[in-house]
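Colleague: From the sequence below, what's the structure:
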Amino acid sequence: MSTRVVKASWRQWCGLGAMSIALFMMSTDLTMLFIAQPHIGADLRPTAAQALWIIHVGEFLAASLVITMGRLGDRIGRKRLLMIGITGYGIASMIAAFAPTSEALIAARAILGVATATVTPSAMALLRSMFTDPGEFSRAFAILMTAFSAGMAFGPPMGGLLVENFWWGAVFLVNVPAALILLAVAPWTLPEFRDDQRVRLDPLSILLSVVAIMGVIYGIQQAAEGSIALQHILVTILGLVCGYLFLRRQRRLDQPLLDLTLFDYRAVWVTLIALFFVMIAFAGPEILIAPFLQLGLDLTALQAGMILFIPAVISIPATLVAPALKRRFGIRGGTAVSLALAAAGFVTSASALLTGGNTTTLVVLTVGMSLVALASAAMTLLSELLITTAPIQRTGSMSALQDVSSGLGAASGVALLGTISALVYRYTLTPPEGLSSADAQVAAENPGAAASLADQLNAADRTSFLSSIAESMSLGLQSALLIAAALTVALIALLLLGLRGYTEQSTDK
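Modeller: Residues are numbered from 1 along each chain as shown. So this is what the prediction gives:
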C-alpha cells in the first residue's frame, strides 16, 4: 500500500520549528548542568552518589521508558503525549531551578527524564506524518537533528553565561519559555497520530524494564561512596534478574514492548552494542571536564563554557562528513576512521593533564576534545546502518531501540566513569590538618564543596589544598579518558569484525 505524498504547508513547517526549539532546549539541559555542577556542589553539598544521581537519573529514566512511551503514544495519540510531556518538562524545570536540597533536585531531574521519554518518540512519529514527501522529510529530519546538535554545542556557553550572571537554577529556568512556545503552537500545527489497532501495554514488562536498568546502575554508582555494601549488591542482582525476566516475557507476549525478532539481524545487535559502548566512552569524560576546567584550571563558568563550545561546534559539521566517509570507505571503514580519530583525541586529552602550566594543559586538552568531537560522524553512520537494516514496518521500533541503546550507554558512562573518577579523587585527595574530620569527609565527596571549604583555611593551607584538589581531579579525569580510549579501540575491532561482509550490501540497497 502506497502512502499519499502531499507537500507540507506553512503550518507543518511552523510545527517543525516549535519541535526544534523544544529539542534544542532538551539537548542543552544536560550540558548546561555540567557547567553548573561546582555551583550546585557548593550550595547543596550533595554526596558523591547524590551528585551522580543529579546528573544521570533523568537519563536512566528516559532510556528505560522510551519504548513504553512510544507504545503509549500509539494508544493515546502522539500529539497528546507530546503536549503532556512538554508540560511536565516545564513544571519539573521550575521545581529544579528552586530546589532547596539535593533530594529535591534529584526528584525534579527524575521528572525531567520521564518527560524526555515522552517527547522524543512522539516528535519522530509526528515528523513522519507531517512530511510525507521524501525530500521534505529529509530536510525536516536534518533540521530537527541540527537543533539537537546545536543545543549540545550552545549548552556550555549558555550555562556559563547564566551561572555567571544569575545562579545555578537559571540553567533549568531557561527551559520554561521553550516549553510554553511549543504548547502554544502545537494545537494548531501538529496533527494527531495513533495506531489504528488497539494497543495493549503490559504493566509487568514496564516494571521489569525500569527495575532492570535502574537496579544495575544503582549498584554501579553506589561505588562512588567508597565501599560496596550488601544491599548494593542485592539491588544489582535484582536488576539483572529483572532484565532476564523482561526479555523472557517479551518472547511470550502478542504485543511486546520490545520486539526481540529485530535481533535476528546481525548488524542490529552489533550496532546496538557499538552505540552503547560509544556513548559510555563519550559521555563519561564529558561530565568531568567542565568541573575540572573550573576547579582544576581556575576558569570561570563562562570561560569553561566557551572552551567546551569549541569541540561541540566541531561536532556539527563533522556529521556532514559522514556521507563522504561512507562513499570513500563504506560505513564500516568510515566508522573506523572516525573512531580512530576519537581514540587519538582521548589519548591527547589525557596527555594534556601531564603537561606543565595551565595554558599548555588547556590548549592540548581543547585539541584532544576537538578530535573526539569528530566521532559524531561515526554516530551518524551507525544510526544510518541501524535504521536501514530494519524492515520498513519496524523502523519505529528500531528507532526506539537506538534511543534505548544510546541513552542507556550515555547514562552508564556517566555512572561508570564518573564513579571511577570519584574514587580516584577520593583516595588521592590530601585534606590539610586545618579541616575537621567532618569537613574532610565533605571535601572527599565533592570537589565543589572542597573548594568552598578551602576559603576557611589560612593562606598557606588554602593554596596547598586547592593544589591537591586540582591534582586529584586531574588524576580522576585522566583515568576516565584512558579508559574511554581503550573502549574506542575495542569498538573499532568489534565493528570491523562484526560487520565484515555485510555493511556495504545492506546499506547501499
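Colleague: Kindly list the longest helix within the protein.
Modeller: helix 459-498 (DSSP state H).
Colleague: Could you pull up the mean pLDDT of it?
Modeller: Average pLDDT, helix 459-498: 87.
Colleague: Report the buried residues of it.
Modeller: Of all the residues in helix 459-498, those buried under the rule 16 or more other Cβ atoms under 10 Å are 461-462, 465-466, 468-485, 487-489, 491-492, 495, 498. For glycine as for every other residue, the C-beta is placed from the backbone atoms N, C-alpha and C.
Colleague: Show me what counts as buried in stretch 420-429.
Modeller: Those would be 420-426, 429, for stretch 420-429 by 16+ other Cβ under 10 Å.
Colleague: what does stretch 273-280 give?
Modeller: 273-280.
Colleague: Out of those, the closest to residue 61 would be?
Modeller: If you rank the buried residues of stretch 273-280 by distance to residue 61 using Cβ to Cβ, residue 279 comes first, at 16.2 Å.
Colleague: Tell me the spatial nearest neighbour of that closest one, not counting adjacent residues.
Modeller: Once flanking residues are discounted, residue 279 sits nearest to residue 409: 3.0 Å by Cβ to Cβ, 6 or more residues apart in numbering.
Colleague: I'd like to know how many residues surround the closest residue to residue 149 other than its chain neighbours.
Modeller: Nearest non-adjacent residue to residue 149, counting by Cβ to Cβ, 6+ apart: residue 316, 4.9 Å away. By other Cβ atoms under 10 Å, 16 other residues sit near residue 316.
Colleague: what's the closest non-adjacent residue to residue 365?
Modeller: residue 352 is the one closest to residue 365 (Cβ to Cβ, 6+ apart), at 4.0 Å.
Colleague: what's the burial count for the one you found?
Modeller: Based on other Cβ under 10 Å, the number of other residues close to residue 352 is 22.
Colleague: contacting residues around it?
Modeller: 360-365, 367-368 (Cβ atoms under 8 Å, 6 or more residues apart in numbering).
Colleague: Contacts for stretch 165-179 next, please.
Modeller: Residues contacting stretch 165-179 (Cβ under 8 Å, 6+ apart): 21-22, 24-26, 28-29, 32-33, 35-36, 39-40, 43, 86-87, 89-90, 93-94, 96-99, 108, 158-159, 162-163.
Colleague: all helices for the stretch 351-500 of the chain, in order.
Modeller: 358-373, 376-389, 395-428, 437-445, 447-454, 459-498 (DSSP state H, counting those that start in this stretch).
Colleague: gap between the third one and the chain center?
Modeller: In this case it means helix 395-428. Remark: helix 395-428 is offset 7 Å from the chain centroid, using Cα atoms, centre = their mean, to the nearest Å.
Colleague: That helix relative to helix 459-498, how many degrees between them?
Modeller: 140 degrees (axes from the mean of the first three to the mean of the last three Cα atoms, to 10 degrees).
Colleague: still on that earlier bit, packing partners for the longest helix of the chain?
Modeller: helix 266-291, helix 322-352, helix 395-428, helix 447-454 (3 or more Cβ pairs under 8 Å, 6 or more residues apart in numbering; DSSP states H and E).
Colleague: so which of these comes closest to residue 219?
Modeller: helix 395-428 (9.5 Å).
Colleague: Quick one: mean pLDDT for the closest one?
Modeller: Rounded mean pLDDT across helix 395-428 is 77.
Colleague: Kindly report the same for stretch 162-178.
Modeller: Stretch 162-178 comes out at a mean pLDDT of 86.
Colleague: Tell me the buried residues in it?
Modeller: Neighbour-count burial for stretch 162-178 [16+ other Cβ under 10 Å]: 162-163, 168-176, 178.
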